[in-house]
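Colleague: here is my input; please provide its structure:
(chains A and B)
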Amino acid sequence: MQKLYSTLIIDDEPLARERLEKLLLCFPETINIIGFAKNGNDAQQKIEALNPDLVFLDIEMPGLTGFQLIENLKSIPLIVFCTAHDEYALKAFETNSIDYLVKPVRIERLEKTIEKLKHFKTDNVSQNILEVIKSLTEEKLEAKMTSITVKKGDRLIFIKLKDVFYFEANNKYVTIFTNKDNYLSEKSLSQIERQLPNYFVRVHRGYIININTVEEVQKYFNSRYIIKLGNNSKTNITSGRGYIERIKEWINV
Amino acid sequence: MKRLILLALILISIPVIVISGSSKSENRKNNYPDLPKDDKWEYVKERIFEGETQNFHSHSGPILIELVNSRSPDSIALESVFDELRRVLPDKDIDYFRNYTGASSLRIPQSDDPKEVNGFKFSKLKGRALTLWITEVESKKEAYTLHDERFLKTVSLNYYGTKLVNSRTRGPLPNKRDYVPNSRQFTFKFHESQTAIERMEMMRFYLVRMISCASLFKERTNREFEVVGAMLNSNKASSWHLDFTEYDKFLLQKFYSPTLVRDYKNYMFKTYPKWSAVNFVNKERNKLLANWTCTILAVVFFFLAFSTLYKRQYRIKYLSYFVPVFVAYICLIEMNYVNIYFFPTDKPFNQEKFWFYLLVLFTSVVFIAFFLWLFDKYIAKKDMSFTTQLVLKTSFTLFVFLVLAFLVPIILSDIEWNKIHHINWIKSYDYFLGFRSPITWAFLFSLGRGAILYLEHFSENLIKQKDIELSNLKAINAQAEVKLLQSQINPHFLYNALNSIASLAQTDGAKTEKMALSLSDLFKYTINRKGKKNSTIRDEVEMVKTYLEVEQIRFGDRLSYKIQVDESLNDIEIPMFLIQPLIENAVKHGVSKIEGAGEIQLMIAKNKEGLVIIVSDNGPQFPDGLVSGHGLQTVYDLLKFSYADKASISIENEPVKQIAITIKI
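Modeller: Numbers count the residues shown, from 1 in each chain, chains lettered A, B, ... in the order given. Model (predicted):
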């Protein structure tokens, strides 16, 4: 039974929209293009107004994230995701039997999608979609932080995170230690901690260390450790009792 | 930290102990007035033992006298002296030489001289005999009387050669300067008007002094036990009223008693409190103990002070001179106190004096540190060669310390209670040698400082060498990195551009061609600049324009841009690929993140700070703190590499979101 899916194309790049349109025109028995949207808000409006069965959704769009968009919808159509380059997401897609397309779309690949659609069962996929999109967008947010900026007067200094040995909290500011120099940041240690990649570990209320620079870890009294760093001054940092779990986790890796 | 506390504790406790113990000195000053003292023993103590040691000399064997040129009354007078002495010293043989040996001591060895008399070798007896010459003088003036200065002086100062006398010393021999060629001979100058008794008294005086080696007794100071009129009381020529008192007899007796030392010890321990008795009896051992304590203390101080003070950074540079000198001086004072503890002086603790001394000391420390600091700051500068610095610093330290070593006692000696003490001290031998001497310490300190400077420099040099090697490697690495940076175009950009081309290929041939050619231009820009690090502003802006054209095709009307460049700056050279990452950033994080139309502005101008390159867009604000991606870091590194401190980046979010590079030219 051939179903005709009313289709909405959502993509912020006009070229990509045109391309997809052109390709989809090759499948007139399955796809009926009813509209285009160029960003999240626009998409929301159009979906609510036109109620399409199927939506080709570009992930990398400004405005509403895919997740927010779906959340705001009362009824969720079938979604074919378009993504540029994210293998993680691809895995998630596979297990949730929603299809994905890698931009720019190739005709052969699109054929496969159409085939899937023909044999599709419309049971409860909406729930899964939400989960997938959520994990997708979260993944995206974890863009790898590589540098940290510090203001010195009206100058800005960029410090490569891989050069940082440790962060030390003082009363009013945080000191960043590298081999070349020490820098002061006005952020709090907890603020910084949240944004650092996972090779920075907080070992003490006042210290975050770069585990790639650690030379030695010694056991100390009272369930603490002495961590020796490989910087020029060979700093030793004593961990705090409350952080022992996290440290053990790291050491046993 | 612990070491510091320990050091402070020791430093404070020592003077406290010493000063509290100085209550003893009250007693000492008054010479223990409330103790059951035996006057005679006191006399013995003062004279023989100098109040201190157990060293004394005596004659062993018989005491033989050769009397020459005497008349019969004289020899009879002398006999009576002998009798008197024999009563005092029953165990000693005191006689005329001839009587004892049957021969004369004055002739050259004769064949009929006995080889031995009473177990003593004749030659030895001869050598030890005392010879008294009697001369009769014509005028009264020439004659000696018992109260005659000349007589008193000559007899009083008759030193004995140490070789001659069989000494019962325990411990080191007295100083060489006590050695004067022996005077076993004495000439009495008598006048006929002098009575037999007078003569007898004079001869007795001489004899008694000779037997007891009184000239080796310590010079009496006024505070010691005064026995008026005693013959052995003092060495001064101006002692009058000299009699052969009971005290003298007691002394002689004890002097020649074999149990002298033991008896003396018994007396001392019986009468005096233990500590000062020990001080009197065992002065040598006491000294040893004191010296060892001082040495150990010095080592402890040095260790503690050195490990706490070494390499300490102070915010005020002056302090790094002041503190070590101060601590060193305090340690010296402490050791002085320890010394006082072992050898308590008779002076009581004078509060005023104590605080005054401290004040003087503190001022001198302040000055020393000040001069050292000044010198190091202005004269021995950092740019001089190390050897010059070392020599200058060490010699100046020595100079400063020496100056103060001389100045301070002179200043102090102006103060009443110190006048004599200090001037005497300076004049004395002690001032220049030995561990009490400030001269020695001046040398020690400056040598120490020199050694430390040298060692520091040495280890610094090692570190510097390693550092140089390391930075060389880093420089090579950095150069390679820069090369890499400059030859990169973001692959994502390329990818997106190619996708756009693919999309356009079928529908819009003209646009496709344009895009492909733009890309080709971009790469040409990168590839053809082999090895060159810089390009002109004109070329960079050209490249940025091409880049923006490519992106505009992708985004359509979502992207618009404006470029404003001051014409006069077109030929200025800047590092290649400096501006492009900023524009790319503006596209990636600015325009692509907003829904509406994005605008990017590039402005290059010159202001009083120098060359200014500003990229602004209307996208979301710059994040605070952590940055993802390498673009901005690359620009920062490139600037640092090419301009060091002359270039800077600044980021603003209000009133306009922009990132600005400022280069001082």
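
Colleague: can we go C-alpha only for contacts and neighbour counts from here?
Modeller: OK.

Colleague: near chain B, which residues of chain A?
Modeller: Those residues of chain A that sit near chain B, judged by Cα under 8 Å from any Cα of the partner chain, are A:12-16, A:18-19, A:39, A:61-63, A:103-104, A:143-150, A:154-160, A:187, A:192, A:195-196.

Colleague: now which of those would you call buried?
Modeller: A:12-16, A:18-19, A:39, A:61-63, A:104, A:145-150, A:155-160, A:187, A:192, A:195-196 (16 or more other Cα atoms under 10 Å in any protein chain shown).

Colleague: related to what we said a few turns ago, return the subset of the residues of chain A next to chain B lying in helices.
Modeller: Under the assignment DSSP state H, the residues of chain A next to chain B contribute A:14-16, A:18-19, A:192, A:195 to helices.

Colleague: please convert those to CSV, extending it with distance to A:Ile237 and pLDDT.
Modeller: What follows is those, written out as CSV (distance: Cα to Cα, whole Å; pLDDT from 0 to 100):
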residue, distance to A:Ile237, pLDDT
A:Pro14, 55, 85
A:Leu15, 55, 85
A:Ala16, 54, 85
A:Glu18, 59, 87
A:Arg19, 58, 86
A:Ile192, 19, 87
A:Gln195, 22, 84
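
Colleague: now, which of these sits nearest B:Tyr643?
Modeller: Among those, A:Ile192 lies closest to B:Tyr643 (Cα to Cα), at 29.8 Å.

Colleague: can you tell me how far that closest one sits from B:Asn490?
Modeller: To B:Asn490, A:Ile192 is 28 Å away according to Cα to Cα, to the nearest Å.

Colleague: do the same with B:Pro15
Modeller: In this structure, B:Pro15 and B:Asn490 are 76 Å apart, going by Cα to Cα.

Colleague: also A:Val217?
Modeller: Counting by Cα to Cα, the gap from A:Val217 to B:Asn490 is 40 Å.

Colleague: the two: who's more crowded?
Modeller: A:Val217 (16 against 11; other Cα atoms under 10 Å in any protein chain shown).

Colleague: can you pull the contacts of the more buried one?
Modeller: A:Val217 makes contact with A:225-228 under the criterion Cα atoms under 8 Å, 6 or more residues apart in numbering or on different chains.

Colleague: now, the residues you listed that are in strands?
Modeller: Among the contacts of A:Val217, the members found in strands (DSSP state E) are A:225-228.

Colleague: so which of the residues of chain A next to chain B are in strands?
Modeller: Judged by DSSP E, strands contain the following of the residues of chain A next to chain B: A:145-150, A:155-160.

Colleague: put the buried members of the ones in strands among the contacts of A:Val217 into a PyMOL selection.
Modeller: In PyMOL, a selection of the buried entries from the ones in strands among the contacts of A:Val217 looks like this (16+ other Cα under 10 Å):
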select buried, chain A and resi 225+226+227+228
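
Colleague: show me where the stretch 451-600 of chain B has helices.
Modeller: B:491-507, B:509-527, B:537-555, B:580-585 (DSSP state H, counting those that start in this stretch).

Colleague: tell me the mean pLDDT over the first one?
Modeller: Right, helix B:491-507. Across helix B:491-507, the average pLDDT comes to 82.

Colleague: okay, buried residues for that helix please.
Modeller: Neighbour counts using 16+ other Cα under 10 Å place B:496-504 of helix B:491-507 among the buried residues.

Colleague: do the same with stretch B:298-309
Modeller: Buried residues in stretch B:298-309, counted by 16+ other Cα under 10 Å: B:298, B:301-302, B:304-305.

Colleague: where's the closest residue to A:Asp99 other than its chain neighbours, which helix or strand?
Modeller: Among residues not flanking A:Asp99 along the chain, A:Val80 sits closest, at 5.3 Å (Cα to Cα, 6 or more residues apart in numbering or on different chains). Assigned by DSSP states H and E, A:Val80 belongs to strand A:78-83.

Colleague: ok, and what's touching that strand?
Modeller: With contact meaning Cα under 8 Å, 6+ apart, strand A:78-83 is reached by A:53-60, A:98-103.

Colleague: pLDDT check: weakest of these?
Modeller: If you rank the contacts of strand A:78-83 by pLDDT, A:Ile98 sits at the bottom with 63.

Colleague: near chain A, which residues of chain B?
Modeller: Checking chain B against chain A by Cα under 8 Å from any Cα, the hits are B:499-500, B:502-504, B:554-556, B:592-595, B:624-630, B:632-633, B:636, B:648-651.

Colleague: going through those, which ones are buried?
Modeller: Among these, the ones that count as buried (16+ other Cα under 10 Å) are B:499-500, B:502-504, B:554-555, B:592-595, B:625-627, B:630, B:632-633, B:636, B:648-651.

Colleague: tell me which helix or strand of chain A sits lowest on mean pLDDT?
Modeller: In chain A, no helix or strand scores lower on mean pLDDT, DSSP states H and E than helix A:87-95, which sits at a mean of 52.

Colleague: longest strand in chain B, please.
Modeller: Per DSSP E, chain B has its longest strand at strand B:598-607.

Colleague: and it, which strands flank it?
Modeller: strand B:559-565 (parallel), strand B:610-617 (antiparallel) (DSSP bridges).

Colleague: going by neighbour count, list what's buried in that strand.
Modeller: B:598-602, B:604-606.

Colleague: ok, now stretch B:363-374?
Modeller: Buried, per 16+ other Cα under 10 Å, within stretch B:363-374: B:364-366, B:368-373.

Colleague: who's in contact with it?
Modeller: For stretch B:363-374, contacts defined as Cα under 8 Å, 6+ apart pick out B:317-318, B:321-322, B:325-326, B:329, B:396-397, B:400-401, B:404, B:408.

Colleague: what subset of those is buried?
Modeller: Buried, going by 16+ other Cα under 10 Å: B:318, B:321-322, B:325-326, B:329, B:396-397, B:400-401, B:404, out of these.

Colleague: which of the helices or strands spans the residue minimising distance to the centre of chain B?
Modeller: When chain B is reduced to its mean C-alpha position, the nearest residue by Cα atoms, centre = their mean turns out to be B:Phe445, at 4.1 Å. Element membership for B:Phe445 (DSSP H and E) is helix B:438-486.

Colleague: if we can go back for a sec, looking at the ones in strands among the residues of chain A next to chain B, which is nearest B:Arg107?
Modeller: Nearest to B:Arg107, judged by Cα to Cα, of these is A:Ile159 at 107.2 Å.

Colleague: beta-bridge partners for that closest one, please?
Modeller: Under the criterion used (DSSP bridges), A:Ile159 bridges to A:Ile148.

Colleague: pretty sure it contacts A:Phe165?
Modeller: No: shown here, A:Ile159 and A:Phe165 do not form a contact pair, counting by Cα atoms under 8 Å, at 11.3 Å.
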